[in-house]
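>>> Just the structure for this:
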Amino acid sequence: MKVKELRKKSSSQLRKLEANLREKLRGLRFDLQAGKVKNVKEIQATKKEIAQILTILNDNAKETTKR
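This is a model prediction of the structure:
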């Protein structure tokens, strides 16, 4: 998902998406150890998306404290 699309979502939607991505990452890690993962770059992409969501959540939190 692109950053512009993520910025349009509410904080609760972002938190739910983050939880889903963390669960996906957990499953990918288990599958990697079991030798079931074909695309290892999917792990990196999932981590990057989680980081983007956390950055947006932190930016939103900073904006609300400034007001």
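
>>> and the gap between the nearest residue to K24 once chain neighbours are set aside and R67?
With sequence-adjacent residues excluded and distances taken as Cβ to Cβ, 6 or more residues apart in numbering, K24 is closest to T46, at 5.8 Å. The C-beta positions use only the backbone N, C-alpha and C, and glycine is treated the same way. Applying Cβ to Cβ, to the nearest Å, the value for T46 to R67 is 33 Å.

>>> Likewise for T55?
20 Å.

>>> And these two? Which one has more around it.
A side-by-side neighbour count of T55 and R67, using other Cβ atoms under 10 Å, places T55 first with 12 against 4.

>>> Could you list which residues are in contact with the most centrally placed residue in the chain?
In the chain, the centroid-proximal residue (Cα atoms, centre = their mean) is I50; its distance is 2.2 Å. Residues near I50 by Cβ atoms under 8 Å, 6 or more residues apart in numbering: E18, L21, R22, L25.

>>> Whichever of those residues end up buried, select them in PyMOL.
Command for PyMOL that selects the buried part of the contacts of I50, burial taken from 16 or more other Cβ atoms under 10 Å:
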select buried, resi 18+21+25
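
>>> can I get the contacts of I50 in JSON lines with pLDDT?
Compiled in JSON lines, the contacts of I50 are given as follows (pLDDT from 0 to 100):
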{"residue": "E18", "pLDDT": "98"}
{"residue": "L21", "pLDDT": "98"}
{"residue": "R22", "pLDDT": "98"}
{"residue": "L25", "pLDDT": "97"}
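
>>> Quick check: helices, which of the contacts of I50 are part of them?
E18, L21, R22, L25 (DSSP state H).

>>> what's the distance between the second one and K66?
Right, L21. In terms of Cβ to Cβ, L21 sits 28 Å off from K66.

>>> Now for Q13, how many residues are close by?
Applying other Cβ under 10 Å, we find 12 residues neighbouring Q13.

>>> Give me the contacts around stretch 19-30.
The contact list for stretch 19-30 (Cβ under 8 Å, 6+ apart) reads V37, E42, I43, T46, K47, E49, I50, I53.

>>> Among those residues, which one is most surrounded by other residues?
Ranking the contacts of stretch 19-30 using other Cβ under 10 Å puts I53 first, with 21 neighbours.

>>> Alright, I will stop here.
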